[in-house]
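Student: Need a 3D model of the sequence below.
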Amino acid sequence: MLLSETGSGHCSEDAETLSLNRRKERLAGSSGDAKRKHLERWELQECSMQQLSSLRASLQQDVHVADERKSL
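Tutor: Residues are numbered from 1 along each chain as shown. Below is the predicted model of the structure:
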């Protein structure tokens, strides 16, 4: 699992905030090539279900945006 490098590297930072920041970057016209940090299993185990759900949604959105760009 990967996490945006804007985060602290584990779930101590609110995943919803990370997701919101990523959306803002995309709207601002950034490259969209997100750099994400690898998370170890133990780091994910420290996350709440809400944080994991938000991380999942953020990753899915990034994949969706990348697929749209490829089709242009």
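Student: tell me the secondary structure for residue 37?
Tutor: Following DSSP: H, G, I helix; E, B strand; the rest coil, the label given to residue 37 is strand.
Student: gap between it and residue 66?
Tutor: Residue 37 sits 18 Å away from residue 66 when distances are taken as Cβ to Cβ, to the nearest Å. To be clear about C-beta, it is placed using only N, CA and C from the backbone, and glycine gets the same treatment.
Student: More neighbours: which of these two?
Tutor: residue 37 (15 against 12; other Cβ atoms under 10 Å).
Student: So for that one, what's the pLDDT?
Tutor: For residue 37, the pLDDT comes out at 84.
Student: What of residue 65?
Tutor: Reported pLDDT for residue 65: 86.
Student: just checking, what packs against the helix or strand containing it?
Tutor: Using DSSP states H and E, residue 65 sits in helix 49-70. Judged by 3 or more Cβ pairs under 8 Å, 6 or more residues apart in numbering; DSSP states H and E, helix 49-70 is in contact with strand 2-4, helix 15-27.
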